[in-house]
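Asks: Here is my input, please return the structure:
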Amino acid sequence: MKKGWLIALGLLLIGCIGAYVWYRNVKDERTAEGKPYDDTLKPRLEMTRMAITDISEDVISMNLYMLIDNPLPVGFKSPSLDYTFYIANTPVMVDAYKKPIEVKSGDSTLVVLPARLAYKKLASVLKTLDRKDIDSTNYKMRAKFALDIPILGQKTFETTVDKRMPTFYLPEVKIDDIDFGKLGLKRTDVAAKVSITNKNKMPFSITDAHYTVFIDGKEIADGEQTEPIRIKAQATTPVVFPVTARPGKTLSVLPKMLFDKKDTPYRVNFRCKLIDKENNSSFANSKFVSTITGTLDDFKKLKK
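Replies: All right, here's what the predicted structure looks like:
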């Protein structure tokens, strides 16, 4: 019996020595690379990039690409991950990733966290950054997840990831004029003159543009521009979009268009894709949706 205890103690001692040697090697390696080592025995979270997938009037949808690194000599599982996302140290979203996460020993895995930001909250942060002329800011993630680790059981870890990246301002679309040309019973020539403002230091292009014009709540015209249009950096780019008007639909609102412009509302539903020749991952191929409203009195080129 005594011999058995000695063998068990010997194995335990060997295991402890091995664990210590492993820890020192990892620590020394990280020190040599200039990386922090105070969390050597903890999983690490890294935000590799973020990608906007959809921009609408109410919600900005994006994906946060998080790399979870497991330096432990054993694998672990986590049933979920709770996280808070900050822009310029302002919390803009609180959510949870409910899918199970499993990382093998000494391995890493990429998790894509879907994020939905309230447009008004994000716009408020961007307005402050714009006022202070800040072209880059901190994007921070605070995450908490429970790990089911063999032998050690379930442990809760919290970590904060901070990454400084360029500030991305949302494009602003303004209708300068809707030129109806000559209104007629058979044909109505329409052109929408639009200004697209880009406050970013990088240019981008829009493609697959589609738009629908409503007057007094009735759809009277639509159109599309599939060819890419270059939007200049830190500038306002004027664009003319051709629009097809259907005479049958136009006739029903013709009196208001001619004689009651002040009280006749219009709405333009605009959607497109944002692309960048540098393949900027922050917004590449993201969908952009905007609704522009006003009254016909805003326009001065409605011709009889």
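Asks: For the closest residue to residue 105 other than its chain neighbours, give me its contacts.
Replies: For residue 105, the nearest residue in space outside its immediate sequence neighbours is residue 75; the separation is 4.8 Å by CB to CB, 6 or more residues apart in numbering. For the C-beta atoms, the positions are set from N, CA and C on the backbone; glycine is no exception. Taking CB atoms under 8 Å, 6 or more residues apart in numbering as the criterion, residue 75 is in contact with 102-105, 107, 150.
Asks: just the helices in the stretch 201-304 of the chain please.
Replies: Using DSSP state H, counting those that start in this stretch, the helices of the stretch 201-304 of the chain run over residues 247-251, 254-259.
Asks: pretty sure residue 54 is in contact with residue 273, am I right?
Replies: No: with contact defined as CB atoms under 8 Å, residue 54 does not reach residue 273; the gap is 10.4 Å.
Asks: what's the overlap in contacts for the two?
Replies: 286-287.
Asks: circling back: just the buried members of the contacts of residue 75?
Replies: Of the members of the contacts of residue 75, the ones counted as buried by neighbours, 16 or more other CB atoms under 10 Å, are residue 103.
Asks: Quick one, which of the contacts of residue 75 has the minimum pLDDT?
Replies: Between these, the one the model trusts least by pLDDT is residue 150, at 60.
Asks: now for the host helix or strand of residue 161, which elements pack on it?
Replies: When secondary structure is defined by DSSP states H and E, residue 161 falls within strand 153-166. The criterion is 3 or more CB pairs under 8 Å, 6 or more residues apart in numbering; DSSP states H and E, and the helices and strands that strand 153-166 contacts are strand 44-55, strand 136-149.
Asks: For it, buried residues please.
Replies: Under the neighbour-count criterion of 16+ other CB under 10 Å, strand 153-166 has 157, 159, 161 buried.
Asks: Would you confirm that the last one contacts residue 46?
Replies: So that's residue 161. Yes: counting by CB under 8 Å, residue 46 is a contact partner of residue 161 at 6.2 Å.
Asks: where does the protein have low pLDDT?
Replies: The chain contains residues with pLDDT under 70 at 1-42, 148-154, 180-189, 247-249, 251-252, 254-255, 257-259, 277-285, 300-304.
Asks: can you list the domains in it?
Replies: Split into domains by automatic domain parsing, the chain comes to 38-166, 172-298.
Asks: about what we covered before: give the partner strands of the strand holding residue 161 in its sheet and their orientations.
Replies: Pairing partners of strand 153-166, with direction, according to DSSP bridges: strand 136-149 (antiparallel).
Asks: Quick check: buried residues in the partner strand?
Replies: Of the residues in strand 136-149, those buried by neighbour count under the rule 16+ other CB under 10 Å are 137, 139-143, 145, 147, 149.
Asks: Residue 121: what's it in contact with?
Replies: Contacts for residue 121 were tallied using CB under 8 Å, 6+ apart; they are residue 92.
Asks: and it, how far is that from residue 162?
Replies: Computed with CB to CB, to the nearest Å, the distance linking residue 121 and residue 162 is 20 Å.
Asks: Please apply the same query to residue 202.
Replies: Residue 202 sits 23 Å away from residue 162, going by CB to CB.
Asks: my guess is residue 122 contacts residue 60, does it?
Replies: Yes: using CB under 8 Å as the test, residue 122 is close enough to residue 60 to be in contact (5.6 Å).
Asks: list residues touching both of the two?
Replies: Counting by CB under 8 Å, 6+ apart, the residues touching both residue 122 and residue 60 are residue 170.
Asks: any idea where the strands of the stretch 51-200 of the chain begin and end?
Replies: Per DSSP state E, counting those that start in this stretch, the stretch 51-200 of the chain carries strands over the ranges 59-69, 76-78, 81-87, 90-97, 101-103, 108-118, 136-149, 153-166, 172-179, 189-198.
Asks: Export those to CSV and append columns for distance to residue 269.
Replies: As requested, those are arranged in CSV below (distance: least, CB to CB, whole Å):
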stretch, distance to residue 269
strand 59-69, 16
strand 76-78, 42
strand 81-87, 28
strand 90-97, 26
strand 101-103, 39
strand 108-118, 21
strand 136-149, 31
strand 153-166, 29
strand 172-179, 11
strand 189-198, 12
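Asks: Nearest to residue 206, out of those?
Replies: In this view, the strands of the stretch 51-200 of the chain are compared for proximity to residue 206 by CB to CB, and strand 189-198 is the closest at 7.3 Å.
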